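Colleague: Take a look and give me a structure for this.
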Amino acid sequence: MTNSSEAFWNANGGTLVLASTGANICSKVWIEAQNKVKCRTLPGVYAAGSLISAKSYLSGETLECIGGNGTASCLYQQLASSNFPEVTSISNTVSKTIVFTGTNFFTSGYTGNASFGGVIADTVTIDSATQATATWKYGLPPTDQDVAPLLWFNSTTTDVIHYANSTNNKLNKALTATASSSGLSCSFAGGCTLEVTSAGLASLLRADSTNNFITVCDEKCSFNETLSSDTVAACKMPPMSTVYSNSNFKIETENEDLKPRTRFGTISNIGVPFDDKLMIQPSNTASTC
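Modeller: Residues are numbered from 1 along each chain as shown. Take a look at the predicted model:
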């Protein structure tokens, strides 16, 4: 590869592209040394005879492959191997377990790993060269489409990782909530536990509580891992802001000092005068919030 500033790259900052198909072949790209780009290839089979070019996400710069033998130095192929791990089928008879069946699974010198819907399994047991069992403590995370679970093997002595080809084996675990806490009484300060019965929901909340969470009256209910399971997601109720709780318990207080004459709105609306009330009751009087 021609030389490029390493500042143009980061751990996932570029691609290696097959010139003949335009396909990116890497899950990770980084500069290892001057004139040397390292790539962790994606699972799949790529035919021989394709010229590789590199492109940085950050700079947009495309770097053509150059070698002493011209394009002959830039040929690449990735073929299926008789001793490479491959998943031929999967089963999900237990709600929080996927059993991978295949060929050439590593039984020594490697540790097994798996993920589904972006959530990594808590444990993976390599049962034999043809079977591996992955378990998600809080259930398989729900997905809104067919998703192929991934199985890979990490070397215990090097940084080599082998991903088993399993793209043709997919599962669909739709999000369903069958029940939730009923008759729940809690103070304005919150703190009591809300439980939602939903297979695998706790896995989503645990894996990424910033983007996945339960809300109560538009307020975030904090995930409680200790009280959750593969069938129940538990969370800590938030404080409830109402006219009464704000006035008497200061659950929410005004943090801005706007003058009553301040006007808000667009040019077409001319503006609406501020009525000196930052916190008001919901306009939906039928709401239980």
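Colleague: what's the least confident helix or strand in the protein, going by average pLDDT?
Modeller: None of the helices or strands of the chain scores lower by mean pLDDT, DSSP states H and E than strand 263-264, at a mean of 53.
Colleague: Run through the helices of this protein in chain order.
Modeller: Counting by DSSP state H, the chain has helices at residues 201-207, 243-249.
Colleague: which stretch in these has the least confidence?
Modeller: Among the helices of the chain, helix 243-249 has the lowest mean pLDDT, at a mean of 64.
Colleague: beta partners for Ala179?
Modeller: Thr197 (DSSP bridges).
Colleague: That one reaches Ala199, doesn't it?
Modeller: No: using Cβ atoms under 8 Å, Ala179 is not in contact with Ala199, being 11.7 Å away. For every residue, glycine as well, the C-beta is placed using N, CA and C.
Colleague: what about those two, which has more around it?
Modeller: Using other Cβ atoms under 10 Å as the criterion, Ala179 and Ala199 rank with Ala199 on top: 24 against 10.
Colleague: tell me the contacts of that one?
Modeller: Contacts for Ala199 (Cβ atoms under 8 Å, 6 or more residues apart in numbering) come out as 95, 139-140, 142, 173, 176, 230-231.
Colleague: of all the residues you listed, which comes closest to Phe84?
Modeller: Using Cβ to Cβ, Leu140 is the member of these that sits closest to Phe84, with 26.2 Å.
Colleague: In contact with that closest one, which residues are there?
Modeller: By Cβ under 8 Å, 6+ apart, the residues touching Leu140 are 92, 95-96, 98, 116-117, 171, 173, 199-200, 203.
Colleague: what about Gly118, neighbour count?
Modeller: That count, for Gly118 with other Cβ under 10 Å as the rule, works out to 12.
Colleague: ok, it touching Pro141?
Modeller: Yes: Gly118 lies in contact with Pro141 (Cβ under 8 Å); the separation is 7.4 Å.
Colleague: Now the buried members of the contacts of Leu140.
Modeller: 96, 98, 116-117, 171, 173, 199-200, 203 (16 or more other Cβ atoms under 10 Å).
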